[in-house]
Every structure is written in structure tokens, then in C-alpha cells.
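1. How does the following fold in three dimensions:
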Amino acid sequence: MAAVKEKSKNQIKTENAFELTSLFEFSSVVNASLDLKFIFNHFLLTMMGKFLSLKGIVILENRSNIFKTEIAKGIQNDSSKTEWKISKIPKRIIFIDKEDKRRYHWIKDFHTIGITMLIPLIARDRIVGIAGITPGNRTKLTDKETLYIKSIANIAAVAIEKGLFIQELSVVNRQLDRKIQELNTLFEVGKEFNSVLEKNRLIKLLIFSVMGQIGVNRYFLCLEEDDTMNVVAEKLDRKNHADVCEYIPSLTKPMLVSAMTGKTESKWRGLLEDIGIEAVIPLQLQQQTKGLLALGEKLNKDIYTQKDLEFLSSLGNLAMISLDNVRLFNDAIEKQKMEDELIIAREIQKGLLPAILPTIPSFEIAAVNISSKQVGGDYYDVIKLSSKHFVIAIGDVSGKGTPASLLMASLQATIRALVPLGLSLSELTKRVNDLIYENTSNGRFITFFWGILDTESMIFKYVNAGHNPPMLVHVDGSLELLDKGGMILGIINSGISYAEGEVTLKKDDLLVLYTDGVNESMSSENIEFGDERLCSLVTQHRTDDAKTVLNNLVESVKLHSINAAQSDDITIVVLKTKSAKLA
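-> Numbers count the residues shown, from 1 in each chain. Have a look, this model is predicted:
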């Protein structure tokens, strides 16, 4: 009998030790992470595993008495709520079937989705969330189970509160980063303005900067010339805006047209609305209005915020200072321009490239851009249209320096603006060509390739506008060049049509996009890297992952051109299928 009691005591000690170890491990895991999704998931899986629950949910207080679903398992999407209105939450474990639903009316919503037990998540005596599970047919817990659940819940609540604090801190940091980025942008654009010597070019640069930073569908710009306000740049459907120039001197701050409510302002509001203008920004010099920038609807359909108006006002006033400098200090600026151009162009080019490539289901993707000493106009982008559709683009502007970088900025803004329209690739390419032609001086053009990847059908539709044909290498080593399309961008304004190509990607297919800085790379003996060598290298590494293929290509080009100056940018995008949905 004594032996049995001793065995029972030992068993209890073992169970207690196991639970303490479990609590310690749980605490270590959740407190080591700042990822709220991970904390929610680990906590919910722990609770579901403990009670063999097939369903689970965690909701978090989003605002007063409003909770938001953070994670749900085993619950059908069509029956899972995203928001919960909850009040009078008891600080104890709740078995829904035993509670007074008239007092806690909100528990019926949990019952509807099959949740039978609720656990409040309490941190510093405040309920930050609620977890719900389905522990079989049980309607009560042992003291030991209650203690265990409360311990787990309290640990999770503290970790969640810490994660929320870090999340809020991240938001503040992002806002600060955005402000710093805006200041950096103004600084860099200000340097660009100061490097321009011609008035017309400065006006064009101001418009490009606005298009690049905001993106609008219509605009007009007025400037004071010989004590008279004149329209110096415009893009409008109807051009009955001349009378607005009379109103400019009385405007002292940026504002939305919809906010013009005064008696005098109402007259101008009707005229501005009639030509599709939504925001007006006075351009001031020494506290005197010397011009007006009027902007239409944003291309992304967003409304103008106060921060937008402040940024545009700062940008416009920088332009006015530069215009005045052109008038007063043309000789001095001429000397400074050549020194600043390379730095400015390099900063512009950096801003064109994606900081982080999106994750593409069933695919690996890797990309690189290596600038030469002389900044060029290489560009690539990967744009997520939906969870199943992605745009992959690469281009190369003729020439080097600031003009090439500005033209590439225009291309990027145009692509980002037109892609959401949902038009066919051929029609989109035609529109891109027309816009580039309108905003490009003679002798400049862009070779360009882009396509839309459908990750469900594994179909890649593309248009090649005079660019180096990307290489599609199949697992058997066969090679396909994607060369269907048409003329390079910016040569002819109208009458051009572009053909669409289409390929179906299969398992382990490898697609390599590149600019001519790769195949035209020269060795110290003046030998070109060449298309044949590039094809052979891509085929040789077709079984490697995308990052490895990219690294091998870059290293091979560098090795080939060792002891030789890099004369052009090197840009490569590698796409590799991880699995194929179509056999």
C-alpha cells in the first residue's frame, strides 16, 4: 500500500515537473519573439493540443469594446467573423453552455462557430484579448488544469502586449522614416533643381518630380513672367484655365479645391472643378506668390492628404528658389552642375529599383543591379497585381547620367500608373510608348521587356519592346528565347502595335532576364562576354535555385571583365519554378 502511495506521489511530481517545464518552454518561445502572428499561432496550438481541440480562435481588442480576429483554426472562412463587439468580459474561464447568454449576449457568436470555452488574456489587470477552443464535451476543469490555462494565458497576454508595443513603435518608426525619406527626397530634388540651368528644363523637372512622387492625371503650372502670370506647362482635357491666373496672387497656402468655401473662392472652385483640378499649391518666393501648381486626381485614386500638400508646397517652393537662382546666378550654377550630376543621377537610379522582391507562390525569384561608374538607366521591377498575378519588367534607357535616370523615373511612374488599369499587355505597352515619346527628347529611347505571370495557370504572357530576349531554359536543357513584341519605346509616337508572346512554365523551368551590360561585358583583351557564353552558362546551371543562378552569372561576368573597367550597368532577374500546377 505504501509503495502505491509513493508511486502516486512520484507520478504527481513528474506531472507537475512536466507542466512546469511546458510553461517554461512556452514562456521562452513566445517571449523570444516579437512577431504577433507567431505568438498567436504558438499559443493557440498549445491550447488546442492540450485539450485536443479541433477548433480555436484568438481575438484582440482593436478599439473600445471592438475585438478583431487575429487567428482562427478549424473554422470555415464563411462562418468566421473578423470583428466582435464585446463588453462586460469576466476575468475568468468561460464555458459557453453554462453561462447566462442574456447577461453575456456576445457569447452566442462564439457558440455559432463551435467554440465552447473562452479564456481571457489578461496583462496588467487589463483584458487584451480572448482565446476560444473546443475541449470536447467538457464543461469544467480541474484545479490543476485551470491553473495551467491561466498561467499559459497570462504568459501569452504579456508577450502579446509586448508585441503590440513593438508594433506601435514600428508604426511610429515608419512614420519617422517616411518623414526622413520626404526630407531626403526634398534634399535630393533640391540638388537636382539647383543643377538645372534652363528654365524650361527646370519646369519639366518639376513636373517629372511631381509625377514621380505623387502621380496625377492632369495638371497645369503658372509662373510669373514680366509681372504677368502665364501658363508654362499643362496637361488638361479642357484648357479654359487662363482666368485662374488672376486669382493666383491672393492664394497663400496649398489647399484642396473642395475646401474653397469663401465667396471669392467659390468662383474659382467651379472653374477648377470643371477642368478636373483637385488641389492647388501656390509657389512662393520671399513670402510672395509667384506661381501656381494645380493638380488633378491622383492616378491611384487616393485623396490628397495634408502631408501631400505640405510636401508639394515644399517641392514647389524649392523649384521657385531654383528658378530665381537660374535668373540671378546662371554662371555660378553652370559650374556646379557638372559636379552634381553624377551624384544626383545615382540617387535617382537607386530609387527606381524595388527594395524587397515580393514572394511569388511556386516560384523563386532573385535580382541584382550593379551600377557602372557612369550611371545609366537600367531598371527592373516586380509588381504584385494580386495573389496570383505578378508583373516582371526590365528595361535599359539609352545614354547615361541624369537624363537617362530621369527618363527611367518617368518609365517607372508610367508603368506603376498604367498596370492597375487591367488592359492587355500589348495595349499597355503601346500606351507606355506613347507617354515615353511625349516626355522624351529626340535620340533617346528605351529597350523594354515585361510580362504578367499567372501562378495558378503557370502561363507567362509577355511583350518584348526591342530588349535582349530573355532565356527560358527547360529542365531537359532546351532553350527558348522570348522575343515576341515590337519596336523599342520612344521612337515613334503612334501607329505602333505590339504582339504578345505566351509560354507555359513547368517544373524546374528557369527564366533569365538581363540587360546588355551582361552579354556585352568586355574583357581586358577587348573580348565580349557574348550571347553564346551566356546561354551556355544559364543552361549549365539550370538545376540550381534562382539565387545560385544569379550569383553564378554575376561572378562569371565579373571574372570575364577582371582588370577591365565596367562600362555599363549589369541587371539580371532570375525566375525559377519550384513546382508546377500544370504537368
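
2. Now Asn31: closest residue in space, sequence neighbours ignored.
-> What sits nearest to Asn31 in space, not counting adjacent residues and going by C-beta to C-beta, 6 or more residues apart in numbering, is Ala159, at 5.4 Å. Where C-beta positions appear, they are placed from N, C-alpha and C, glycine not excepted.

3. got a pLDDT number for Thr402?
-> With respect to pLDDT, Thr402 has a value of 68.

4. sorry, back to before: tell me the contacts of the residue nearest to Asn31?
-> Contacts for Ala159 (C-beta atoms under 8 Å, 6 or more residues apart in numbering) come out as 30-31, 33, 39, 43.

5. for it, helix, strand, or coil?
-> Counting by DSSP: H, G, I helix; E, B strand; the rest coil, the backbone at Ala159 sits in helix.

6. Give me the distance between it and Gly262.
-> Distance, Ala159 to Gly262, using C-beta to C-beta, to the nearest Å: 54 Å.

7. pretty sure Ser314 contacts Leu183?
-> No: Ser314 lies out of contact with Leu183 (C-beta atoms under 8 Å); the separation is 9.1 Å.

8. Of these two, which one has the most company?
-> Ser314 (18 against 12; other C-beta atoms under 10 Å).

9. what about that one, distance to Asn300?
-> Counting by C-beta to C-beta, the gap from Ser314 to Asn300 is 21 Å.

10. can you give me the helices for the stretch 251-400 of the chain?
-> Counting by DSSP state H, counting those that start in this stretch, the stretch 251-400 of the chain has helices at residues 263-274, 306-328, 330-352.

11. Revised request: answer the last question for the chain.
-> With DSSP state H as the criterion, the chain has helices at 2-31, 36-50, 107-112, 143-195, 199-213, 263-274, 306-328, 330-352, 401-418, 425-438, 516-519, 531-540, 546-560.

12. Buried residues, the fifth one. List them.
-> Of the residues in helix 199-213, those buried by neighbour count under the rule 16 or more other C-beta atoms under 10 Å are 199, 202-213.

13. Please apply the same query to the last one.
-> Buried residues in helix 546-560, counting neighbours by 16+ other C-beta under 10 Å, are found at 546, 549-553, 556-557, 560.

14. The second one too?
-> Going by neighbour count (16+ other C-beta under 10 Å), the buried part of helix 36-50 is 36, 39-44, 46-48, 50.

15. Show me what counts as buried in stretch 525-537.
-> 529, 533-535, 537.

16. hmm, which two among these are most spread apart?
-> Comparing every pair within those by C-beta to C-beta identifies Phe529 and Cys535 as the most remote, at 11.2 Å.

17. so where's the stretch 201-350 of the chain shaky on pLDDT?
-> 238-249, 263-264, 329-339, 341-349 (pLDDT under 70).

18. Please repeat the previous calculation with a cut-off of 80.
-> 212-213, 225-227, 237-252, 261-268, 270, 287, 325-350 (pLDDT under 80).

19. returning to what we had before: now distance to His389 too, for the helices of the chain, in CSV please.
-> Listed next are these as CSV, based on distance: least, C-beta to C-beta, whole Å:
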stretch, distance to His389
helix 2-31, 36
helix 36-50, 25
helix 107-112, 35
helix 143-195, 27
helix 199-213, 25
helix 263-274, 36
helix 306-328, 29
helix 330-352, 22
helix 401-418, 15
helix 425-438, 12
helix 516-519, 27
helix 531-540, 26
helix 546-560, 19
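
20. so which of those gets nearest Arg444?
-> Here helix 401-418 is closest among these (C-beta to C-beta), at 6.0 Å.

21. Determine the set of other helices and strands touching the closest one.
-> Where contact means 3 or more C-beta pairs under 8 Å, 6 or more residues apart in numbering; DSSP states H and E, helix 401-418 is packed against helix 199-213, helix 330-352, strand 377-384, strand 389-397, helix 425-438, strand 446-454.

22. Give me the angle between it and helix 199-213.
-> Relative orientation of helix 401-418 versus helix 199-213 (axes from the mean of the first three to the mean of the last three C-alpha atoms, to 10 degrees): 40 degrees.

23. chain center to helix 401-418, what's the gap?
-> 17 Å (C-alpha atoms, centre = their mean, to the nearest Å).

24. next one: stretch 412-429
-> 17 Å.

25. which residues touch that stretch?
-> 211-212, 215, 299-300, 352, 379, 381, 383, 385, 391, 393, 431-432, 435-436, 448, 450-452, 461-463, 465, 485-486, 489, 497-500.

26. What's the end-to-end length of it?
-> 13 Å (C-alpha to C-alpha, to the nearest Å).

27. Going by neighbour count, which residues of it are buried?
-> 412-419, 425-426, 428-429.

28. ok, and the closest non-adjacent residue to Phe51?
-> Nearest non-adjacent residue to Phe51 (C-beta to C-beta, 6+ apart): Pro135, at 3.7 Å.

29. nope, Ile360 is what I meant
-> Going by C-beta to C-beta, 6+ apart, Ile360 has Phe390 as its nearest residue, at 5.5 Å.

30. Next: Trp84.
-> Phe67 is the one closest to Trp84 (C-beta to C-beta, 6+ apart), at 4.2 Å.

31. Kindly tell me how buried the one you found is, as a neighbour count.
-> Phe67 has 23 nearby residues by other C-beta under 10 Å.

32. export the buried residues of helix 36-50 to JSON lines and tack on pLDDT and distance to Arg444?
-> Shown next, in JSON lines, are those (pLDDT from 0 to 100; distance: C-beta to C-beta, whole Å):
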{"residue": "Leu36", "pLDDT": "82", "distance to Arg444": "49"}
{"residue": "Ile39", "pLDDT": "85", "distance to Arg444": "53"}
{"residue": "Phe40", "pLDDT": "84", "distance to Arg444": "53"}
{"residue": "Asn41", "pLDDT": "87", "distance to Arg444": "52"}
{"residue": "His42", "pLDDT": "85", "distance to Arg444": "55"}
{"residue": "Phe43", "pLDDT": "84", "distance to Arg444": "58"}
{"residue": "Leu44", "pLDDT": "85", "distance to Arg444": "57"}
{"residue": "Thr46", "pLDDT": "85", "distance to Arg444": "61"}
{"residue": "Met47", "pLDDT": "85", "distance to Arg444": "63"}
{"residue": "Met48", "pLDDT": "87", "distance to Arg444": "62"}
{"residue": "Lys50", "pLDDT": "84", "distance to Arg444": "67"}
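
33. what's the closest of these to Val512?
-> Asn41 (37.0 Å).

34. so what's the closest one up against?
-> Asn41 neighbours (C-beta under 8 Å, 6+ apart): Ile71.

35. How much space separates it from Leu23?
-> The value you get for Asn41 to Leu23, if C-beta to C-beta is used, is 18 Å.

36. what's the answer for Thr455, then?
-> 42 Å.

37. And for Glu438?
-> From Glu438 to Leu23 the distance is 67 Å (C-beta to C-beta).

38. Also Ser556?
-> Taking C-beta to C-beta, one finds Ser556 at 54 Å from Leu23.

39. and what of Ile122?
-> Using C-beta to C-beta, we find Ile122 at a distance of 16 Å from Leu23.

40. Any idea what the residue nearest to Asp324 when sequence neighbours are not counted is bridged to?
-> Ranked by C-beta to C-beta, 6+ apart and with sequence neighbours excluded, the top spatial neighbour of Asp324 is Leu285, at 5.7 Å. Applying DSSP bridges to Leu285 gives these bridge partners: Gln288.

41. what's Leu285 in contact with, if anything?
-> Leu285 touches 317, 320-321, 324, counting by C-beta under 8 Å, 6+ apart.

42. rerun that using 7 Å as the cut-off
-> Counting by C-beta atoms under 7 Å, 6 or more residues apart in numbering, Leu285 touches 320-321, 324.

43. Likewise for Gly399?
-> 377, 444.

44. If Leu472 is in a bridge, with which residues?
-> The partner residues for Leu472, given DSSP bridges, come to Glu480, Leu511.
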